[in-house]
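*Asks:* just the structure for this:
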Amino acid sequence: MDLFGQSGATENTQAATKARPLADVLRPQTIDDVIGQETLLAENGPLGSMLAAGRITSLILWGPPGVGKTTIARLLAKTTDLHFEQISAIFSGVSDLKKVFQAARDRATAGRGTFLFIDEIHRFNKAQLDSLLPVMEDGTVTVCGATTENPSFNVNRAVLSRCQVMVLERLDEGALAGLLARAEVATGTPLPLTDDARSLLCAMADGDGRALLNMVENVIAWPPEKTYGAKDLASRLTRRAAQHDRASDSHYALASAIQKSIRGSDPEAAIYWVNRALEGGEDPRFILRRLTMIAWEDVGLADPEASRVCLSAWDTYERLGSPEGDLALSQVAIYLALAPKSNAGYAAYKAARIEAKESGSAPPPMHILNAPTKMMQELGFNRGYQYDHDLPDGFSGQNFFPDGMKRSSHYQPVERGFERELAKRVRYFDKLRKDLNTRSD
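*Replies:* Just a heads-up that it's a prediction; the model follows:
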């Protein structure tokens, strides 16, 4: 079902409301009636400027459910006088597409273009997506795909290069309130709700206009003699489930929000995103895995205790399970957010990994290789090796890199947390090494 609506309502509209879903009744008839996507549809916006020019290119409309993707697609076709053809990627195969393409060619011969709307385009496989390329290339159809998933992960590059991606936003509180007002006008029935209950109703929709209108239909059916407050509403309606899919990009978006909040030393944001993930049904073990990785990547050796706290929380969760064990996740997030931060070890790891890859199979220097046999001793294995514990300061300063390879300086500790101490040790051994080299010269 599509969303939003037109201002004003006639008696016919009110009668139709009783037989048709409210979301269908409120379907806009013009672009100006669409609410919540002003940035895209403004005169100088991406879609608004296309409409002003009278020509639409192939598009992908990317946004959460219930924000008007299908509605906007229909209106784009109507405004540019293109035949609107709609298919679902869930139920359509290559054979179905071939029929659509042939009909579009016949239509083009008669002088009319085709606007092909593909709902859930991210469900298409590579063969189905590739079949779009020739008809997009020669202008047989203007393709408009709708998706709730990140198209850069779910639509192949060849199709993406021929489309403009338009990002639709979830409906904010103002847009949802406007949609409520339109529903009241269309039905001719003021909602018997207090101001707090109206606000709660919008919050329960969670940015989804379709979900809001479905709930409005329930409210309209309640006895009108009573005015319902927020508590009444909460007990009678179910809040829309938080949008979260472990297989979708929202799974990684929340994980990224957790990590960036901790990296930014914001414990309040960190526990908010951890609990958003838990409320959305995320596996707590995935969150614990990410928190443990953060301990090494973003806290690092500035607080070596961080990783032990993570592992302790993981062990706690495995023993307690949910919901009791969820507390451990929140407290780990707080600890990590407030810990001193350093990515010096992580940066050193990445640099050393690149260097190891580029250096190929260069062997260790002969003097640090063991010589368990007489032949190896005669060949020079282990010759010249100095046992550091037997030397002054317990330090030989000898070379441990492959022969001919320049000594690296990848690890650059910061002056935060425990790395202050490590920085002193790095400088100490660098000075000993330099002094030994000076003496040998």
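
*Asks:* what helix or strand is the most centrally placed residue in the chain on?
*Replies:* Geometric centre of the chain, nearest residue: residue 253, 2.8 Å, by C-alpha atoms, centre = their mean. Using DSSP states H and E, residue 253 falls within helix 249-263.

*Asks:* same deal with residue 144?
*Replies:* Short version, using DSSP H and E: residue 144 is in strand 141-147.

*Asks:* helix or strand next in line after that strand, which one?
*Replies:* Remark: after strand 141-147, the chain's next helix or strand is helix 151-154, criterion DSSP H and E.

*Asks:* quick check: buried residues in that following helix?
*Replies:* For helix 151-154, burial by neighbour count (16 or more other C-beta atoms under 10 Å) applies to 151, 154. For glycine as for every other residue, the C-beta is placed from the backbone atoms N, C-alpha and C.

*Asks:* off-centre distance for it?
*Replies:* Chain-centre distance of helix 151-154: 11 Å, with C-alpha atoms, centre = their mean, to the nearest Å.

*Asks:* quick one: mean pLDDT over that helix.
*Replies:* Throughout helix 151-154, pLDDT has a mean value of 86.

*Asks:* what about residue 182, how many residues nearby?
*Replies:* Residues within reach of residue 182, counting by other C-beta atoms under 10 Å, total 24.

*Asks:* which other helices and strands contact the helix or strand hosting it?
*Replies:* With secondary structure defined by DSSP H and E, residue 182 is part of helix 173-187. Packing contacts for helix 173-187, counted by 3 or more C-beta pairs under 8 Å, 6 or more residues apart in numbering; DSSP states H and E, involve helix 11-17, helix 22-25, helix 195-205, helix 209-220.

*Asks:* make CSV from these and add mean neighbour count and distance to residue 155 to it.
*Replies:* Below are the helices and strands packed on helix 173-187 laid out as CSV (neighbours: other C-beta atoms under 10 Å; distance: least, C-beta to C-beta, whole Å):
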stretch, mean neighbour count, distance to residue 155
helix 11-17, 14, 37
helix 22-25, 21, 27
helix 195-205, 18, 28
helix 209-220, 21, 24
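
*Asks:* quick one, which of those helices is nearest to residue 429?
*Replies:* Checking these against residue 429 by C-beta to C-beta gives helix 195-205 as the closest, at 58.5 Å.

*Asks:* quick one, the closest one and helix 173-187 angle?
*Replies:* Angle between the axes of helix 195-205 and helix 173-187 is 110 degrees (criterion: axes from the mean of the first three to the mean of the last three C-alpha atoms, to 10 degrees).

*Asks:* what sits up against helix 195-205?
*Replies:* 66, 171, 173, 176-177, 180, 191, 193, 211-212, 215-216, 219, 228-230, 232-234, 237, 239-240 (C-beta atoms under 8 Å, 6 or more residues apart in numbering).

*Asks:* 10 Å instead?
*Replies:* Contacts to helix 195-205, defined as C-beta atoms under 10 Å, 6 or more residues apart in numbering, come from residues 66, 170-177, 179-181, 191, 193-194, 211-216, 219, 227-234, 237-240.

*Asks:* need the strands for the stretch 1-150 of the chain, in chain order.
*Replies:* Ranges of strands within the stretch 1-150 of the chain are 59-62, 83-88, 114-119, 141-147, based on DSSP state E, counting those that start in this stretch.
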